[in-house]
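*Asks:* no FASTA, just this:
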């Protein structure tokens, strides 16, 4: 199974992601959903506006396509992991957004005092289907998958901070509540763990047939 020593970084990454998500959930309930959002949505100035405006695209769907090309060229062995994680995370996010909670309001629609919300020029905040954050789910999927494919210890802190900044960007750009970001992190853990099972099944099947 995938509890081997070679997957140690994945489990450390999953644990770190899970604990962070739980902390965000707890802060959400102790501070309040709207107040916690406004606390993190503070205007950090011109540089932060422009950084997060572009950096948030790290969690965009196009990155999956870029990774697919990279894996086909250099990491064919892990294609089942990548493709499975993409399908599972996409299905989970879309089911929550459009079937379970289709009209769940985003910050700009949920908070009456909209003047308190910091927005960034050229980024129009969406109004509904807030749960969970798809960009956050994708970014943490990339991080967790990288921990399987790239077996370097430096990737853990660097990848975690990189993925967490995508999650924060969704709050900073007034697109999601921190609660949605935490849910996106949990979605990524579920998706990659299930994808790992598929990867192992595929590897064993291929080894058996050859």
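*Replies:* Great, that's in hand. Predicted model only: the values in this text are computed from it and were never measured. Numbering: from 1, shown residues only.

*Asks:* so who does residue 139 touch?
*Replies:* If you count contacts by C-beta atoms under 8 Å, 6 or more residues apart in numbering, residue 139 has them with 58, 59, 162, 163, 166, 167, 188. To be clear about C-beta, it is placed using only N, CA and C from the backbone, and glycine gets the same treatment.

*Asks:* Correction: the previous question concerned residue 131.
*Replies:* When contacts are counted by C-beta under 8 Å, 6+ apart, residue 131 touches 96, 97, 101, 104, 179, 180, 183.

*Asks:* Hmm, residue 140 is touching residue 188, no?
*Replies:* Yes. Contact status for residue 140 versus residue 188: in contact at 3.4 Å, counting by C-beta atoms under 8 Å.

*Asks:* shared neighbours, these two?
*Replies:* residue 17.

*Asks:* May I see the buried residues of the strand or helix carrying residue 206?
*Replies:* Under the criterion DSSP states H and E, the helix or strand holding residue 206 is helix 178-209. Residues 178-189, 191-196, 198-199, 202 are the ones in helix 178-209 that count as buried (16 or more other C-beta atoms under 10 Å).

*Asks:* which other helices and strands contact that helix?
*Replies:* Counting contacts by 3 or more C-beta pairs under 8 Å, 6 or more residues apart in numbering; DSSP states H and E, the secondary-structure elements packed against helix 178-209 are helix 8-31, helix 33-40, helix 79-95, helix 134-149, helix 155-172.

*Asks:* TSV please, covering these and showing distance to residue 67 and mean pLDDT.
*Replies:* Putting the helices and strands packed on helix 178-209 into TSV (distance: least, C-beta to C-beta, whole Å; pLDDT from 0 to 100) gives the following:
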stretch	distance to residue 67	mean pLDDT
helix 8-31	17	97
helix 33-40	28	97
helix 79-95	6	97
helix 134-149	7	97
helix 155-172	14	98
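
*Asks:* Rebuild those helices as a markdown table, extending it with distance to residue 115.
*Replies:* Compiled in a markdown table, the helices and strands packed on helix 178-209 are given as follows (distance: least, C-beta to C-beta, whole Å):
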| stretch | distance to residue 115 |
| --- | --- |
| helix 8-31 | 20 |
| helix 33-40 | 11 |
| helix 79-95 | 30 |
| helix 134-149 | 25 |
| helix 155-172 | 17 |
